[in-house]
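Chemist: Okay, here's the prediction I keep looking at, along with the sequence it came from:
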Amino acid sequence: MTTPQRRPVFRRPRMVPFLATGALIGFFLGAVLAYFGPDAPMASTGQETLALAIPFGLIGGLLGGALYLLAERFSKRR
């Protein structure tokens with residue numbers, strides 16, 4: 001009887017953790033920048049935080065997606 005030959009198993013990266021991590025980091029950076037940055041004359045702290053945190057979160061999600069594509073491209077698969 002012959003023994004089965006073992007083949008390496010390669011898993012590709014998962015997209016959702018890359019997108020979620022990028023968005024959360026971007027949201028956090030935008031909130032920190034709004035909190036510690038200069039005050040806007042006609043906006044409250046909450047408005048200022050949302051005005052920076054949401055776009056930074058979207059940009060972070062896009063960067064996370066780009067990193068996912070790079071990780072998938074260079075992952076070893078057959």
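Modeler: On my side now, so go ahead.
Chemist: Every contact and neighbour count from this point should use C-alpha atoms.
Modeler: Noted.
Chemist: Would you mind measuring from the closest residue to Met15 other than its chain neighbours to Phe28?
Modeler: Leaving aside its chain neighbours, Met15 sits nearest to Tyr68 (6.2 Å; criterion: Cα to Cα, 6 or more residues apart in numbering). From Tyr68 over to Phe28 the distance is 20 Å, taken as Cα to Cα, to the nearest Å.
Chemist: Gly65 now?
Modeler: Plainly put, Gly65 is 17 Å away from Phe28 if you go by Cα to Cα.
Chemist: what does Pro17 give?
Modeler: To Phe28, Pro17 is 16 Å away according to Cα to Cα.
Chemist: more neighbours, those two?
Modeler: For Pro17 versus Phe28, the count of surrounding residues by other Cα atoms under 10 Å is larger for Phe28: 19 against 13.
Chemist: what's near enough to touch that one?
Modeler: Ala53, Gly57 (Cα atoms under 8 Å, 6 or more residues apart in numbering).
Chemist: what about it, helix or strand, and which?
Modeler: Using DSSP states H and E, Phe28 maps to helix 15-36.
Chemist: Now find how far off-centre that helix is within its chain.
Modeler: The chain centroid and the centroid of helix 15-36 are separated by 7 Å, computed with Cα atoms, centre = their mean, to the nearest Å.
Chemist: doesn't Ile25 make contact with Gly57?
Modeler: Yes. Between Gly57 and Ile25 there is a contact at 7.1 Å, judged by Cα atoms under 8 Å.
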